[in-house]
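>>> Sharing a model prediction with you, sequence too.
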Amino acid sequence: MMDRALFARMTHVRIIIIEKNRCFRNTRLCILSPFFLYLCGVPASCTTVPHNAKDGVAKQLSKYVCQSCGYVSPRWTGKCTNCNEWNSFVEEAPSPAKVSHAHSNAAGKIKPTPLHAIDATNDVRFRTGIEEFDRVLGGGIVSGSVILLGGDPGIGKSTLMLQVALHLKDKVVLYVTGEESPRQVKLRAERLGPKSDSVQLLAETNLGVIADVIESAKPDLVIVDSIQTLYNPNLESAPGSVGQVRECSALLTRLAKSIHVPIILIGHVTKEGVIAGPRVIEHMVDTVLQFEGERHYAYRILRGIKNRFGSTNEIGIFEMHDTGLQEVKNPSEVFLSERSIGTSGSSIVATMEGSRPLLIEVQALVTTTSYGMPQRSATGFDYRRLSMLLAVLDKRVGVNIGTYDVFVNIAGGIKIDDPGADLGIAMSIVSSLRDKYVDSHSVAIGEIGLGGEIRTIAHCDRRIQEAQKLGFTKIIVPKNNVKKFQGVKGFSVIGVETISQAIGELLP
Ligand code: TYD
Ligand code: MG
């Protein structure tokens, strides 16, 4: 057996000889290459052109395109030789025909249509009957639209979609299952309760077959579970790879638009929190929904991230039971049902989730640090925002927090990113530090600025109304917001300008 190093040296010598004797160069390199590449671990399929056995026509090889600079390579490489970007090559299907120039010779034949002449009545929506789902979609599913439902594995995407399919009793729903067997889907459907005779199951992952079935059956709704399991046989890469996911989504999107059938694509998010790699299909689809929640809590939140047919601010709240997902129609009451009354470190904030105000308990625990390095932890809230709030409390209010561990938790497994929650979080921290409890009938809302000022927030009146509805009697709001509010008997709205004033009101 020849030593690899010796072989490398020999080939090096031979290539140099060939370089000198240029007329034999190509012939000898052709003899050397396959064996040399074999030793380097390159599979034979990369070096030969596969032939279609049936018709003897050479199969068109797919190309690899750098997503950073557009450089095209015949095979995958880790680093782009053009722009030096790492891991940027994505497989693409071969383009059918080359257009030699940019013009299509359609001058005069195709004319743009005046906006007023376009008939939009075909864009009818239909409701699924699951209100929380319909609201996030902006009022129902629009015909011909493509919806991407993303979320962590095991969060309940398949359950939600099967429930949607079962609710649509008068519509034909094609449920394409690439992950579970029809038996598994049937068992789950039995557990979920409502029965429907119009759900059709298709256990298939070949994109061509699925497209044919959709075109011939023309169902009212198609659910694909999941886009990562589908594959286009024209591409060599494995199902779930960026190239495959992009090709499959593009084809299904074209199909949905051409035959006006809405398609819901289920997609798992990767560890980095993006759907199938670098947001590869978000721009193609009409609506992107994110299903999120802590796995160990029963609550799940459906959030609109992109919506061409409605607002993206809406959220839908569900609770996972043995019999599937149940809608939570009065979320504030549910989230406040377990709150700790008479304990320091707990306060209520009124946040806005889409068009809905939501009252949530914020808990904080401040303890003397046992180690040299104080710990800070935030669950359901941005860690950097917590650091900022602690810095403002330290500098502007004189609350010496540097030697304490601080833990903040948003109860119920909810994630909030509304700056209006700042004041409530600061109140919980000060309450825990001073071991004094905040009045259980009060709510604090307001954004905290770096100067320790309380800044105006949006939708203040709706937050106040929600607090009032749930029996709270006192609400601390930014001073500028209080001007617009009409007073109500037995309910005090107090405007504050600084954190110190808010502390004076709630933790005297
Ligand atoms: P699933 O819909 O399979 O998640 P995904 O499709 O997002 O991967 O849901 C999986 C979880 O939901 C699983 O842990 C079990 C739980 N579950 C229930 O608690 N009750 C139910 O009725 C169903 C169907 C699932
Ligand atoms: Mg699933």
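Cool, the structure landed. Ligands and ions are numbered 1, 2, ... in the order given.

>>> how close does residue 333 get to residue 427?
Distance of residue 333 to residue 427, given as Cβ to Cβ, to the nearest Å: 22 Å. Using the backbone N, CA and C atoms, a C-beta is placed for each residue, glycine as well.

>>> can you list the residues of this protein near ligand 1?
151, 153-159, 188, 191, 320, 322-324 (Cβ under 6 Å from any ligand atom).

>>> could you redo the last one with a cut-off of 5 Å?
153, 154, 155, 156, 157, 158, 159, 188, 320, 324 (Cβ under 5 Å from any ligand atom).

>>> looking at this, the second one is in a helix?
Pointing back at residue 154 there. No - membership of residue 154 in a helix is not supported by DSSP: H, G, I helix; E, B strand; the rest coil, which gives coil.

>>> Burial check on residue 471, number of neighbours?
Neighbour count of residue 471, defined by other Cβ atoms under 10 Å: 9.

>>> Repeat that for the one 3 residues further on.
A count of nearby residues for residue 474, using other Cβ under 10 Å, gives 16.

>>> give the contact list for the spatially closest residue to it that is not a sequence neighbour.
Nearest residue to residue 474, sequence neighbours excluded (Cβ to Cβ, 6 or more residues apart in numbering): residue 442, at 4.2 Å. For residue 442, the residues meeting the contact criterion (Cβ atoms under 8 Å, 6 or more residues apart in numbering) are 347, 348, 472, 473, 474, 475, 476, 506.

>>> I'd like to know which of these are buried.
Buried members of the contacts of residue 442, scored by 16 or more other Cβ atoms under 10 Å, are 347, 348, 472, 474, 475, 476, 506.

>>> Please verify my assumption that the fifth one contacts residue 495.
No - if you go by Cβ atoms under 8 Å, residue 475 and residue 495 don't touch, sitting 10.0 Å apart.

>>> Quick check: of the buried ones among the contacts of residue 442, which lies closest to ligand 1?
Of all the buried ones among the contacts of residue 442, ligand 1 sits closest to residue 348, with 29.0 Å by Cβ to the nearest ligand atom.

>>> dump the residue contacts of that closest one.
336, 339, 359, 360, 361, 362, 424, 442, 443, 444, 467, 472.

>>> Just checking: the least confident one among these is which?
Lowest pLDDT among these: residue 339, with 81.

>>> tell me the phi and psi of that one?
phi -70, psi 150 (degrees, to the nearest 10).

>>> Report the separation between the nearest residue to residue 394 once chain neighbours are set aside and residue 92.
Excluding the flanking residues, the one nearest residue 394 by Cβ to Cβ, 6+ apart is residue 401, at 5.4 Å. Residue 401 is 54 Å from residue 92, where distance means Cβ to Cβ.

>>> And residue 392, by the same measure?
Using Cβ to Cβ, residue 392 is found at 50 Å from residue 92.

>>> Between those two, tell me which one has more neighbours.
When neighbours are counted by other Cβ under 10 Å, residue 392 and residue 92 differ, and residue 392 comes out ahead with 20 against 16.

>>> what helix or strand does that one sit in?
Assigned by DSSP states H and E, residue 392 belongs to helix 383-392.

>>> what's whatever helix or strand comes next after that helix packed up against?
Later in the chain than helix 383-392, the nearest helix or strand by DSSP H and E is strand 404-410. Taking 3 or more Cβ pairs under 8 Å, 6 or more residues apart in numbering; DSSP states H and E as contact, the helices and strands that strand 404-410 lies on are strand 356-368, strand 376-379, helix 383-392, helix 422-434.

>>> returning to that earlier point: more neighbours: residue 333 and residue 427, which one.
The residue with more neighbours, out of residue 333 and residue 427, is residue 427; 29 against 12, by other Cβ under 10 Å.

>>> Name the nearest residue to that one, sequence neighbours excluded.
In space, and not counting its chain neighbours, residue 427 is closest to residue 347: 4.5 Å by Cβ to Cβ, 6+ apart.
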